[in-house]
Each structure stands twice: as structure tokens, then as C-alpha cells.
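Engineer: Curious how this folds, go ahead:
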Amino acid sequence: MINQINAESKLVTLIARIEKTILSTGNNGSNYLILNLVDMSGRVEARLWNSTEKDVEELKTGSIIKIEAATNVYRQQLQLKVNSYEVINEEEFEKHSINIEMFSISAPINVDSNFEKLVEFINSLENEVYKKITLEIIKSYESEFKTFPAAVSIHHNVVGGLFWHSYSLLMGAKSIKEVYKYANVDWELVYCGAVLHDIGKVIEMAGKNAAEYTDEGRLLGHISIGNTFVSNKAIELNLQDNRDVLKLQHVILSSHGKNEYGSPVEPSLIEGVIISSLDALDARIYKINDELEKVEKGAWTGRILSEDGRSYLNHYNKKETK
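Structural biologist: Numbers count the residues shown, from 1 in each chain. Coordinates of the predicted model:
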């Protein structure tokens, strides 16, 4: 498994799924392939130097491959140098004692039971507009909401990541209500906005193992898709002239906080500030922690693009404190 590989492993045999293939050219003019590999235990980058047209044709995104590789550390991160590979077709899975579920990372929560808790909580809300629209939408896209990732690479890019991220925002909002009880906040708008802020990703993402975005996602973006969901559902429920619908649309449209971060509008409601702040916090914690887990204690992560290229020190291991 990927999480068993370390710098001392030297030579390894690994079966993994290609999450993404990137064709690049070295300083010497030779082509090479960067393979982002994944199994249920983690991710690792591998490189096939001096790659041929046959390699490019065979090593497609989504393929299951068995590789023989050497390990090395580049910029404090483990990397594999592929010496040989074999593409494993589905009919050969049994021979290798594998199944497709072994090659996806899943959210570390029980999605099904927590989805039931989420539905029960939304049902308990008093605002009928927020409640009806939220429940109707998440039930219409229940399978996608529960299984799709929240992004291709930036954060929560795991099976169930979309639900995990949305549920985390809901739990975060509930936990700070007491702290900010002095503030004039419509917490039910915050709760439903937290659940729906990324719902457009059920259309934007190309499946539960998405390595790419759909055409609709690229052309429209999940924020505008989510806003359309709310608008269409309001019309269907004859609520299109209700001001609460407008507020629910606003917190979705402003969920990235700033125009330059992809929000069509910036928050003009205090609830929008809360949702966009929780959204950014949850995404940042996930990404930084994900990079910290790739390096040993005492080492620095690589530069994280979403953190303006900053690196972070892995100074603490919670497992050692138990």
C-alpha cells in the first residue's frame, strides 16, 4: 500500500490507480510522464522517464497499474521512479486479488449515518423556505452529494468529500453559534447555506473519482449551478417571490468570499461572511494537513500553491500523544 512506502523502501512493487497523467518534457528534450497514483491508503507521485508514445497511450487516467519502482525524496516529498509497469484490466483483478474499491480514498466519516443526521437536523428547522429548498435539492442529488469529491485536487478530493466538507461546515456553524450569540445572525440561513454552498459540484465534478471537471462545470462553475438549483426549486415550489430564497441564493453566490476567488458577488449578509469564512477555513485545514502527512515529523511540506506558495512545518504528531 502507498502509506507503507518510505524513503528507506528502495525498490517497491505497487498496484495503484492512475489519478492523473501529465506528459512533460525534460531539459534534455526527452518526454516523461508524471503519474499521480492513488490507493485507499494514500497518494504518491511517480515518474516514468524517457516515455514513449506507447507509454502515453497505455498509462491513461483511471487505469490500474502494477509498477516496479525505486524510491527517492525530492524537495522533502517521496517520489517513485518507475522501472517497469503492467496495466491490469478488470478481468485480471481476481488474479491479482484486487477490486476497484481498493483504489479510492474515502472520507473518514460514516457518510450514510451522518446524512441521516443532517436530514433530521434540517427537518427540525423553523424556516419552511430554507428547509424545503435544502431538503428537496439534497434528496434529488443524494447519491452524488454523498459520494462525489469536493474538488479535483485543492481540498477534500476523496470519495464522499463533498458531503464531508459540507457537513463539516454545518458542524462548524453549529459549534460557533453560542460564541456569537450576541450577533444578529439568522443561523438557519447559515445552516442551510453551509449545506448547499457547494451543491453545484454534483454537476461540476465528473464522478466520485473525478480527475477532471465536466463541460458544464468548466463553462458554468459550481456556484452558478448551485444558484440555479435554488432558483429552479423555488419556482417549482411556488416560492420564487420569497425574500428568503433571495438570501439563500446570496450566501451561495458569495460563498468564496471575494470576486477574485470566484464569487460572482461578495458577502453583503453577515451569514455570507460566516459561510465563506468557514468554507475557506475547512479547505485550508484539509489541504495543509494533507501536505503535512506527506512529510516526516520535523520536515517542511513542499510549497502549497493554494497557500500562496508557503511551506508548513510538521512539528506535531497527534498519534504520539495518545
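
Engineer: which residues sit in contact with Arg75?
Structural biologist: Gly302 (CB atoms under 8 Å, 6 or more residues apart in numbering). In this view, the C-beta of every residue, glycine as well, is placed from N, C-alpha and C.

Engineer: Am I right that Lys181 is in a strand?
Structural biologist: No - using DSSP: H, G, I helix; E, B strand; the rest coil, the secondary structure at Lys181 is coil, not a strand.

Engineer: Give me the distance between it and Trp187.
Structural biologist: 9 Å (CB to CB, to the nearest Å).

Engineer: which one of those two has more residues nearby?
Structural biologist: Trp187 (18 against 9; other CB atoms under 10 Å).

Engineer: Tally up the residues packed near the nearest residue to that one once chain neighbours are set aside, please.
Structural biologist: Take Trp187 and drop its neighbours on the chain: the residue closest to it by CB to CB, 6 or more residues apart in numbering is Lys177, 5.5 Å away. Per other CB under 10 Å, the neighbour tally for Lys177 reads 14.

Engineer: now the helix ranked longest in the chain: how far from the chain's centre is it?
Structural biologist: Counting residues, the longest helix found in the chain (DSSP state H) is helix 270-292. Put simply, helix 270-292 sits 12 Å off its chain's centre (CA atoms, centre = their mean, to the nearest Å).

Engineer: list the helices and strands that helix packs on?
Structural biologist: Applying 3 or more CB pairs under 8 Å, 6 or more residues apart in numbering; DSSP states H and E, one finds that helix 270-292 contacts helix 161-176, helix 187-196, helix 243-253.

Engineer: Could you pull out the buried residues of that helix?
Structural biologist: 271-276, 278-280, 282-283, 286-288, 290-292 (16 or more other CB atoms under 10 Å).

Engineer: Not counting that helix itself, show me its contacts.
Structural biologist: For helix 270-292, the surrounding residues in contact (CB under 8 Å, 6+ apart) are 150, 154-156, 165, 168-169, 172-173, 176, 183-186, 189-190, 193-194, 197-198, 247, 250-251, 254-257, 263, 267, 301-302, 304, 306-307, 312, 314.

Engineer: And the buried ones among the residues you listed, selectable in ChimeraX?
Structural biologist: Selecting only the buried entries of the contacts of helix 270-292 in ChimeraX, with 16+ other CB under 10 Å as the criterion:
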select :150,155,156,165,168,169,172,173,176,185,186,189,190,193,194,197,198,247,250,251,254,255,256,257,263,267,301,304,312,314
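
Engineer: returning to that earlier point: which pLDDT does the model give the residue nearest to Trp187?
Structural biologist: Each residue has a pLDDT score; the one for Lys177 is 98.

Engineer: what's the answer for Lys322, then?
Structural biologist: The model's pLDDT for Lys322 equals 56.

Engineer: Same check on Glu293?
Structural biologist: 87.

Engineer: Next: the one 10 residues further on.
Structural biologist: The per-residue pLDDT reported for Arg303 equals 90.

Engineer: how much space is there between it and Gln4?
Structural biologist: 26 Å.

Engineer: And the two? Which one has more around it.
Structural biologist: Comparing Arg303 with Gln4 by other CB under 10 Å, the one with more neighbours is Arg303, at 13 against 10.

Engineer: The closest residue to the more buried one other than its chain neighbours and Tyr182, how far apart?
Structural biologist: Nearest residue to Arg303, sequence neighbours excluded (CB to CB, 6+ apart): Gly309, at 4.6 Å. Distance of Gly309 to Tyr182, given as CB to CB: 38 Å.
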